[in-house]
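A.B. asks: The following block contains a protein sequence and its predicted model.
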Amino acid sequence: MLTIWQDLRYGARMLRKNPGFTAVAVFTLALGIGANTAIFSVVNAVLLRPLPYPGSERITQIGLQATNGFIPDVKVSQFEFLRDHGGAVFCGVAGFQGWSTLEVKQQDGVHWLKALRVSAEFFRVLGVTPALGREFTREETQPGSAPSLILSNSAWRSTFGASAEIIGKQVKAHQDIYTVVGVLPGDFVFVENPVDAFIPLQRSESLGDRGYNTSAIARLKPGVNLAQAQTEMAVLFPQIPDKDSNLLGLGVLNYQRLLTGDIRPSLSVLFGAVGLLLLIACVNVASLVLARTYMRTREISIRLALGAGRRRLVCQLLTESFLMAVLGASAGLLLAFWGLDALLSAVPWDLHAPVTSIRIDSRVFAFALGITILTSIVFGLASLWQTTRSNLISGIKGEPKQGSTGAAHGRIRSVLVISEMAFSLMLLVGASFLAESLYRLHQEKLGFDPNNVLKMSVAYPSEISSSEEQSGALQQQLLTRIQTLPGVSSAALVNVVPLDGQGNMPTQLAGHNDADHSIGAMEIRRISERYFETMRIPFLAGRGVEESDAEGAPLVAVINESLARRWWKEKSPLGDHIIIGDFMGRHLWEPPPPPREIVGVVGDVKGRLLSRPAPPMVYIPLAQARGMDSAAEYVVRAMPGPGLGQALRQAVLEVNPELRITNLGAMSEVVSGSVAAPRFDAFLMILFAAVALGLASVGTYGVLNLFVKERTHEIGVRMALGAESRQVLRLVVKQGLLLSLIGIATGISGGLALMQFLRGLLYGVSATSIGPYAAGSLIFVLVALGASYIPARRAAHVDPLVALRYE
C-alpha cells in the first residue's frame, strides 16, 4: 500500500511538472470520454434499458405484413379476433387508439386532459395495477356502456387535488359524464404516448373503426419466444376478418424495438462515431505519452543504472498513465453532465423515454470507468514498450535516437499518426455524406410556398365541438374574421397541413372495381376556398374549391398530379368521378358514398415526410365533408410582422371567448422540423469530424516536430555538405505527405465499410459516391501540409554549425 501511495505521489508530481503536456492530454481525453458518456447515456436509456414495465421483454406488438411493408396497426375487428384467439401464445392482447382531448371544468377553471382509448386488457398486458380503484372491465368497452375514466397520477394531483375520494366520482367532459374508476401509480408512464387519462375503447360503426386505426400489443406467455408466436400468427391469419388484398400475413415484433426502430440507426451511428472519436483521442494521447517517455530515456536509463528495477519503473509509469486517465475521465464526466442537457434539448426524435430517465446512472458510470481503465492501459503499454526497449548505455549518453530502437520508435509514432488520420477520415467521410444528404433534402420541391404563412389550431368548447353544424359555422365565422385582419392577404382551412401528419381514406375510380384503380390509404384533404391561393399550390387544369361548392351542391373534388398520372396516364381526368369510401367495389358504409366529379388538377405537395415522393392526394370542399372529421387548421398568408400573432389571438377571443389556440406557428418551422433529424445527425457528425481533424493535425505536427528534432544532426550534415533549405523543407513535407497518403488509403477503406451502417440515413446520395472521399482526402492533404509547415520551416533554418554540435 505504501508503494502504491508513493507511486501516486510521484505520478502527480511528474504531471504537475509538465503542465502543458498534462493539460493537452487531459483535455483530449475529456473530449473523447465526455462525448462517449453523453451519447451512451441516451443509448442506455432508449435502447438498452428495458421499458418501465414488469417483464417488458415479453411485450410485443402485432401488426400486418403487407406488400408495401409492415403495418403496425390493425382494424378493431382484427384486434378483437386476436384478443379472443391468441391465447395459445399470449397471456393477453390489448388494443389502443389515438388520443383525444377531454375538457374538464373544475372550480379553479377548465382543465384539458389528453386521453387515450384503451381496451380492458391494456393495463394487464403492461403489467400495471392501479394505485387506487381498478382497471376497465370488458363490459365497459361494449358499445353503449356508461363512460368511465382512469387517471394518470399527475392528472389526479393537478386536476383533482389528489383527492382520496376520487374513485366513483362523476366528471363531466364535453357532453359526457365519466365515472372515475382508477388512478395509476406515480411511476407509470405510457412511453409510446404519454397521456393524462384513459377511456375505454368501444367499437363503433364509424369510418375510422373500419380502417387501420388500432394498435395491438400482447404479452408472451412464459417460455414462448417471438418465433413461436410468429408461427401461431401464420395459423391465425387465414381466419382473420376484414382482410385487404395487399395483406400477406400477421407479424409480431418486440415492442421496444418497434418503438425505437426509427431512431435506432441514428443513435447507433452516433455512438459508433463517438467511439471513433475516443479511439482518435486515445491514439493522440498515446503518441504524446510515447514521445514524452522517449524524451525521458536518459532519466530512465540513469535510474536503471542506479539499481531501480524495470518492474518498479513500469509500475510508476502505469500509475502516471492511470492518473492522467482519471483526470481526463473526471473532466469528461463534467463535460457529459453539461453536454447531456444540451444534447437532450436539441434531440429532434421522440425518444419514447422520459427525459428524467436519461441520466448518468450506475451503468453509464461503469461505462465511463471501463473507458478510463482501457485508456490507462493503452497509455501504460506505450510507456511499457519504450521502457523495456531502452538501451542503458546510449540512454545515459543521451543518444536515444541511434540504432534500431530509435527506428522502431519512429515507426510506432508513424503508425499512431496514420491511425489517427484513418479514423478521422472515416468520420469526415461520414459527415460529408450526411451533409450532402441534408442538402438533397433541402432541394426537394415542397409543392407549396411556406414563406409568410402561419398555421393555427383552435380548440372549441365541448358543446360546440360535439355538433358538426355548430363547429362548422364557428370555423367559417372565425375564418371570415381572420381574412379581415390588416396585412392578411388570404386564409383558409385544411384538415392536415403539409409535412405535419396524414389523413387517409379508401378511394376508387368510379366504374373500376380493380386493384389498379383503388387506393386503400388515399390522402384526403378537406379544404375551404382559397386554400390553393394561400399555400400557392399551382393549378395544372380546371379549377379549385369555390364558395359555390357548398353543402347540398354537386359533390366535387380536386386531385393532384401524381393521382392524375397514376389513373389517367396522359388523358384528362376532368369530368370523371371518384368515390371516397369505396375500395375495389366494396362500400365502407351504408348508404354507399356518392361519386364526386373531378373539377381540377393541382401540383404535387409533399405528404407527411419530405424524404418520400408526394403521395396521390384528393382535395374536397370542407362544406361537403359532413360525416367525416370536422377538425381543421387555419393557414394564414400575411405580411411579416411581430403583431400578427397577437392579432390572431384577439380575433379568436372576439369570435368566442371560450375558444383556445392550441398551436400557432410558421409553416417555415414545420418545413424546418421535417429535416430536424437528419440536420441533427449531420451537425453532430460534422462536429465530431472537426474535433477529430484537429486532433489528427496536432498529432501529425507532433510527430514531424519530433522527426526534425531527432534528425537535427543529420540535417546539419546535409546542409554542411551543400543541401539547400528547399531540399530540407521538401524532406520534412514529404514525410508528412507520406503519412497522410497512407492514412487516407486506410481511411477510405474504413469509410467504405462505414457506409454499410450509414446507408439507411442517406437520401438522394449513393453510398459509393466518390465526392465525399475525394473532398475528405483533399482536406487531409491540406492538413498534412499545414502540420508539416512549422517543423519543415524550422528544419530549413537549422544552423549547420549548431546542428553538428547537437547532442
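C.D. replies: Nice, thanks for sending it over.

A.B. asks: Show me the helices in the stretch 551-700 of the chain, by range?
C.D. replies: Taking DSSP state H, counting those that start in this stretch, the helices of the stretch 551-700 of the chain run over residues 561-568, 644-655, 667-674, 676-710.

A.B. asks: Buried residues in the last one, which are they?
C.D. replies: Applying a neighbour-count criterion of 16 or more other Cβ atoms under 10 Å, one finds 677-682, 684-686, 688-689, 691-708, 710 buried in helix 676-710. No exception for glycine: its C-beta is placed from N, CA and C like everyone else's.

A.B. asks: before we move on, what about the first one?
C.D. replies: When burial is assessed from 16+ other Cβ under 10 Å, helix 561-568 yields the following buried residues: Glu561, Ser562, Leu563, Ala564, Trp567, Trp568.

A.B. asks: Which residue ranges of the stretch 1-150 of the chain form strands?
C.D. replies: 59-66, 69-71, 73-74, 90-106, 109-118, 132-133, 148-151 (DSSP state E, counting those that start in this stretch).

A.B. asks: re earlier: can you tell me which of the buried residues of helix 561-568 comes closest to Phe780?
C.D. replies: Taking Cβ to Cβ as the measure, Phe780 lies nearest Ser562 of those, at 44.3 Å.

A.B. asks: List the contacts of that closest one.
C.D. replies: Asp604, Pro613, Ala614, Pro615, Pro616, Met617 (Cβ atoms under 8 Å, 6 or more residues apart in numbering).

A.B. asks: just for the stretch 301-450 of the chain, where's the confidence low?
C.D. replies: Residues of the stretch 301-450 of the chain that meet the criterion pLDDT under 70 lie in 301-314, 349-357, 379-410.

A.B. asks: weakest of the strands of the stretch 1-150 of the chain in terms of mean pLDDT?
C.D. replies: The stretch with the lowest mean pLDDT among the strands of the stretch 1-150 of the chain is strand 69-71, at a mean of 82.

A.B. asks: on contacts alone, who are the packing partners of that one?
C.D. replies: For strand 69-71, the packing partners by 3 or more Cβ pairs under 8 Å, 6 or more residues apart in numbering; DSSP states H and E come out as strand 59-66.

A.B. asks: and the strand it packs on, which strands flank it?
C.D. replies: Next to strand 59-66 in the sheet, as set by DSSP bridges, lie strand 69-71 (antiparallel), strand 214-220 (antiparallel), strand 247-254 (antiparallel).

A.B. asks: tell me which residues in the first one are buried?
C.D. replies: If I follow you right, that is strand 69-71. Applying 16+ other Cβ under 10 Å to strand 69-71 flags Ile71 as buried.

A.B. asks: tell me the most buried of the strands paired with strand 59-66?
C.D. replies: Mean neighbour counts were compared across those using mean count of other Cβ atoms under 10 Å; the top stretch is strand 214-220, at a mean of 24.

A.B. asks: any chance of the helices of the stretch 551-700 of the chain in CSV, plus mean pLDDT and distance to Leu149?
C.D. replies: As requested, these are arranged in CSV below (pLDDT from 0 to 100; distance: least, Cβ to Cβ, whole Å):
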stretch, mean pLDDT, distance to Leu149
helix 561-568, 94, 42
helix 644-655, 91, 29
helix 667-674, 91, 33
helix 676-710, 83, 35
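
A.B. asks: Now tabulate these in a markdown table and tack on distance to Val497.
C.D. replies: Formatted as a markdown table, the helices of the stretch 551-700 of the chain follow (distance: least, Cβ to Cβ, whole Å):
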| stretch | distance to Val497 |
| --- | --- |
| helix 561-568 | 18 |
| helix 644-655 | 16 |
| helix 667-674 | 7 |
| helix 676-710 | 16 |
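
A.B. asks: Can you tell me which of the ones you listed is nearest to Asn495?
C.D. replies: helix 667-674 (15.0 Å).

A.B. asks: Does anything pack onto the closest one? Which helices or strands?
C.D. replies: Going by 3+ Cβ pairs under 8 Å, 6+ apart, helix 667-674 lies up against strand 453-459.

A.B. asks: List the pairing partners of the strand it packs on within its sheet, with orientation.
C.D. replies: By DSSP bridges, strand 453-459 pairs with strand 633-638 (antiparallel), strand 660-666 (antiparallel).

A.B. asks: just the angle between it and helix 667-674, please?
C.D. replies: If you take axes from the mean of the first three to the mean of the last three Cα atoms, to 10 degrees, strand 453-459 sits at 90 degrees to helix 667-674.

A.B. asks: Report the inter-axis angle for strand 453-459 versus strand 90-106.
C.D. replies: Angle of strand 453-459 versus strand 90-106, following the same axes, to 10 degrees, is 90 degrees.

A.B. asks: tell me the mean pLDDT for strand 453-459?
C.D. replies: Strand 453-459 comes out with an average pLDDT of 92.

A.B. asks: so which of the helices of the stretch 551-700 of the chain gets nearest Leu132?
C.D. replies: That would be helix 644-655 among these, by Cβ to Cβ, at 38.0 Å.

A.B. asks: who's in contact with that closest one?
C.D. replies: 454, 456, 458, 474, 477-478, 481-482, 485-488, 636, 638, 659, 661, 664.

A.B. asks: so which of the strands paired with strand 453-459 is the most packed in?
C.D. replies: Of the strands paired with strand 453-459, strand 633-638 is the most buried (mean count of other Cβ under 10 Å), at a mean of 22.

A.B. asks: What lies in contact with stretch 48-57?
C.D. replies: Defining contact as Cβ under 8 Å, 6+ apart, one finds that stretch 48-57 is touched by 59, 126-128, 187-189, 191, 219, 254-256, 259, 353, 357, 363.

A.B. asks: how long is that stretch from one end to the other?
C.D. replies: Distance across stretch 48-57, first residue to last, is 11 Å (Cα to Cα, to the nearest Å).

A.B. asks: now stretch 440-448
C.D. replies: With Cα to Cα as the measure, stretch 440-448 spans 18 Å from end to end.

A.B. asks: and that stretch, which residues are buried?
C.D. replies: Under 16+ other Cβ under 10 Å, the buried positions of stretch 440-448 are Leu441, Glu444, Leu446, Gly447, Phe448.

A.B. asks: Can I get the residues you listed in TSV including secondary structure and distance to Arg530?
C.D. replies: Output for those, formatted as TSV (DSSP: H, G, I helix; E, B strand; the rest coil; distance: Cβ to Cβ, whole Å):
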residue	secondary structure	distance to Arg530
Leu441	helix	30
Glu444	coil	26
Leu446	coil	19
Gly447	coil	17
Phe448	coil	14
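
A.B. asks: Let me know the closest of the residues you listed to Phe757.
C.D. replies: Nearest member of those to Phe757, counting by Cβ to Cβ, is Leu441, at 19.5 Å.

A.B. asks: show me what contacts that closest one?
C.D. replies: By Cβ under 8 Å, 6+ apart, the contact set of Leu441 is Leu610, Ser611, Val675, Pro678, Tyr763, Gly764.

A.B. asks: can you pick the most crowded of those residues?
C.D. replies: Neighbour tally across those (other Cβ atoms under 10 Å): the maximum, 23 neighbours, falls on Pro678.

A.B. asks: Quick check: it vs Leu588, distance?
C.D. replies: Noted for Pro678: a distance of 37 Å to Leu588, by Cβ to Cβ, to the nearest Å.

A.B. asks: Equivalent analysis for Gly702, please.
C.D. replies: As for Gly702, its distance to Leu588 is 72 Å (criterion: Cβ to Cβ).

A.B. asks: One more: Met639?
C.D. replies: Applying Cβ to Cβ to Met639 and Leu588 gives a distance of 44 Å.

A.B. asks: of the helices of the stretch 551-700 of the chain, which approaches Arg16 most closely?
C.D. replies: helix 676-710 (21.4 Å).

A.B. asks: The closest one to helix 667-674, inter-axis angle?
C.D. replies: 60 degrees.

A.B. asks: Can you give the distance of helix 676-710 from its chain's centre?
C.D. replies: When distances are taken as Cα atoms, centre = their mean, to the nearest Å, helix 676-710 is centred 25 Å away from the chain's centroid.

A.B. asks: With that, I have no additional questions.
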